[in-house]
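S.K.: with the input below, show me the fold.
(2 chains)
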Amino acid sequence: MSSTCCTPPEFVPPANPPAEGTLRTVVLIGPPNSGKSTLFNKLTGLRQKVANFPGVTVEQRLGLMAGVGRDDLTLIDLPGIYSLNPYSEDERVSIDVLQGKMPGAPKPDAVILVLDSLHMTRQLMLAAPVLAVGLPTLVLLNMSDLMEARGGKVDVLKLAKELGAPVAQISAVNGTGLEAVSLFLNQHTERTAAKPLALPVLGNAASTHNWAAQVSRKTGYQAPLSAENTRKIDDVLLHRFWGPLLFLIVVVGVFEVVFSIGQPLSDGLGDILARMGELVRPLLPAGWLQSLLLDGAWKGISSVLVFLPQILLLFLFIGVLEDSGYLARAALIADRVMRTIGLNGKAFIPLLSAYACAVPAIMATRTIENRRDRLATILVTPFMTCSARLPVYMLLIAAFIPNTTYLHGILGLQTLTMLGLYLAGFVGAMTTAWLLKSSILKSSETPFILELPQYRMPTLYSLGLRLLDRARIFLRQAGTIILLVTLALWVLAHLPVVHTATGAIAAPELADSVIGRLGHFIEPAIAPLGFNWKIGIGLLSSVLAREVMVSTMGTLYGADPGTQAMHLQTALHHDMKLGGALALMIFFAFAMQCTSTMAVVRRETNSWKWPALQFAYMLVLAYVAAFAVNHIATMIFG
Amino acid sequence: MTIPHLHSPAAAAYEPALPTGSEQVDAQPERAKQHWNRAKLLRFERQPGVRQVSVLSELKVGESGVLVALDLPESVQNHLMHMGFVPDALVTALRRAPAGDPTVYAVDGMEIALRRETAEAIRIKPQAAENEDPAEDELIEAAQ
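M.R.: Model (predicted):
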């Protein structure tokens, strides 16, 4: 039967479909860069979720196989791995999942193994240990269209015989050959006739390689000509002179585009959200409910929602860089600089992704083999200017930095301030990494081994899925944490109620409210930084997430009759000086205000010690830097 | 350029030595010629088998060598072998990173970047002595 599996058009539906309940969970496994993620997206469509395997740092993606009409089956996507030797954490997790020993993951009933047919010999080295697990396995040779176009070939029938498992040629990008998957799912329970002939000594790389070479020889595998495109592109992108220059252009260009395109989009969205609020206002009875919903909740939420376009743009660019294969080149170029601070080029990838968000960036540190290097990277990642800081920076810059331009309008003072803040975060990360690597995290250097994948055109589909995922997370955050915080703030700002002279119940003066008293209580601690008590409340609430600062300000100033009618920027001007504003920006550049990041650091390092140390270190640094900035700025500008 | 495709180790063993030297010159004219001359010189000037063994980091860009052994910790060795750095594999130095250090090597159709200190621990021998090797057709595949 294995032989019929290889020519999809001739497939005959199985006579006896397997009994109900025999097949529930399928595992998808394959080496890095084998096109596994694309296939996963094709097989599951939108019905997927990302989670972490409990207790370990390895991300698991789960989906229902709706893409092949089997939404009764769960597909588990394992991390891209080279072997099943329990060497890295990824590999250990993969073994546990395959053997059904991973708590929290269902025991698999079948395996889909994806191999890149452009490098079949080497990729077959993973097939040996996977087949040895003994589960029904379907082997998919991905990118077979490319292989044939470049003059490669392989006898699929012979390969199926050699492996003792059905083999099919597919192209995950084009979605061709996927019928084989549904066929395999329908008939996998019938035992295949021939068992694998001879598997190599497992765990021995040389023996596994010999076996793989032998199999590919027997199946007449002819490797396709390697794509010249990748080398030609690299001639430019890794050129001694153009390489670093283009690298800088890419990094700066991403931000330039995010701001120049994203800003008008954000402004537009802000207008729409404000108008929506005003449309609803007449429908609500005037009084506390209207105030709670519109001045509290809606104002708070929309002050954060407006940053969605910019955050999505940033993720889009990082996604394009990653999917195209450029990030690996960036790591290669950055290696020389990164080693001077004791890290290697691979640490650059998480640091760049951290411009979008520290949480996925910290997960991306998994590719760093050395534990101490990885820890150092995790600890400095939150210094990189993440997209959650943007709302705060932009609010303060728009409010306090004049829109002066230099050099005939090419350089604006506002842009320069923003760049300065990015630089401050970067320098903070680099200095801290160097400090860590030359003290508590000193280690012998691990070899830097980096695979440079072939360049690929990122697909709209996978980019779209990425953005959808991000938007969902952002909106969920806005709908839960931010909504709750703004509602709580509004309530605290309106309690305790006071009785007016006429006997009616009214809200207290903001300064006399619960929140006002709390603010005044902490004011002495933050006054040296140039912050008043309202900023203090903002700082307290932004420990949850940085962007909450903006919604808190929106709610507080909205609750204060003196500033209610004002635009938030004007209101801020009301009781903050330039020194304080600059200090606040620097404070945000350095402080660790993000519970999600702390949670992910806790999970990745498996101890509270590191996130606690990180929080304390960053808080002290932020306080000292803000103190210095406030005093220097006050001396200069008064 | 037609390249004989060998189908079994046994067949490879009886195959007459390929004129690898001249082929190599065809493919990569100047650099390869220099490399060849150097390799020959080394062999004639010194005792055979002593200076033939060198390390990967000594390859200039465009030069190739045949992998002999990895003098690295076992876990690293294993990882590299799964990426194609197995004994008898043909490794070509493709390019250096702009800063001059990590070097990109082509092995088994893949491109892998290694730092100098790692490449120094990977022993290679000149390609010439490799004609009777059973892993011949992978070499040819890689060379393609």
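S.K.: from now on I want contacts and neighbour counts done on CA atoms only, so please keep to that.
M.R.: OK.
S.K.: and A:Leu483, what does it touch?
M.R.: Each residue near A:Leu483 by CA atoms under 8 Å, 6 or more residues apart in numbering or on different chains is listed here: A:297, A:300-301.
S.K.: try it again with 7 Å
M.R.: The neighbours of A:Leu483, taking CA atoms under 7 Å, 6 or more residues apart in numbering or on different chains as the test, are A:297, A:301.
S.K.: then the one 3 residues further on?
M.R.: Applying CA under 7 Å, 6+ apart, one finds that A:Thr486 lies in contact with A:296-297, A:300, A:551-552, A:555.
S.K.: can you do 6 Å?
M.R.: Residues counted as contacts of A:Thr486 (CA atoms under 6 Å, 6 or more residues apart in numbering or on different chains) are A:297, A:300.
S.K.: quick check: it vs A:Asp469, distance?
M.R.: A:Thr486 sits 24 Å away from A:Asp469 when distances are taken as CA to CA, to the nearest Å.
S.K.: one more: A:Gly262?
M.R.: Distance, A:Gly262 to A:Asp469, by CA to CA: 19 Å.
S.K.: neighbour-wise, which of the two wins?
M.R.: Taking neighbours as other CA atoms under 10 Å in any protein chain shown, A:Gly262 and A:Asp469 compare with A:Gly262 leading, 22 against 15.
S.K.: excluding chain neighbours, what is closest to the more buried one?
M.R.: A:Gln310 (4.7 Å; CA to CA, 6 or more residues apart in numbering or on different chains).
S.K.: residue of chain B with the smallest distance to chain A?
M.R.: With CA to the nearest CA, the shortest gap between chain B and chain A falls at B:Pro98, namely 4.1 Å.
S.K.: ok so that residue is a strand residue?
M.R.: No - counting by DSSP: H, G, I helix; E, B strand; the rest coil, B:Pro98 is not found in a strand; it is coil.
S.K.: what sits against it?
M.R.: Residues in contact with B:Pro98 (CA under 6 Å, 6+ apart) are A:Arg240.
S.K.: can we see that at 10 Å?
M.R.: Counting by CA atoms under 10 Å, 6 or more residues apart in numbering or on different chains, B:Pro98 makes contact with A:237-244, A:332-334, A:336.
S.K.: who wins for neighbours among these?
M.R.: That'd be A:Leu332 among these, by other CA under 10 Å, with 33 neighbours.
S.K.: mind listing what it touches?
M.R.: A:238, A:326, A:338, A:344-346, A:348, A:448-452, B:96-99, B:101-104, B:113-115.
S.K.: what about the residues you listed, which are in strands?
M.R.: A:449-451, B:96, B:103-104, B:113-114 (DSSP state E).
S.K.: and the residues you listed, which is closest to A:Gly63?
M.R.: A:Glu451 (28.1 Å; CA to CA).
S.K.: dump the residue contacts of the closest residue to the closest one other than its chain neighbours.
M.R.: Spatial nearest neighbour of A:Glu451, excluding adjacent residues (CA to CA, 6+ apart): B:Ile112 at 4.5 Å. Taking CA under 10 Å, 6+ apart, we find B:Ile112 in contact with A:448-453, B:80, B:83-85, B:93-94, B:102-106.
S.K.: over to A:Gly342?
M.R.: By CA under 10 Å, 6+ apart, the residues touching A:Gly342 are A:373, A:376, A:430, A:433-438, A:441-445.
S.K.: look up how far A:Thr431 lies from it.
M.R.: From A:Gly342 to A:Thr431 the distance is 11 Å (CA to CA).
S.K.: go on, A:Ser596?
M.R.: Computed with CA to CA, the distance linking A:Ser596 and A:Thr431 is 24 Å.
S.K.: ditto for A:Val550
M.R.: 29 Å.
S.K.: so those two - more neighbours on which side?
M.R.: A count of neighbours by other CA under 10 Å puts A:Val550 above the other of A:Val550 and A:Thr431, at 27 against 14.
S.K.: so what's that one closest to, chain neighbours aside?
M.R.: Using CA to CA, 6+ apart and skipping the chain neighbours, the partner closest in space to A:Val550 is A:Val392 (6.1 Å).
S.K.: hmm, that neighbour is touching A:Glu547, no?
M.R.: Yes - with contact defined as CA atoms under 10 Å, A:Val392 counts as touching A:Glu547 (6.5 Å).
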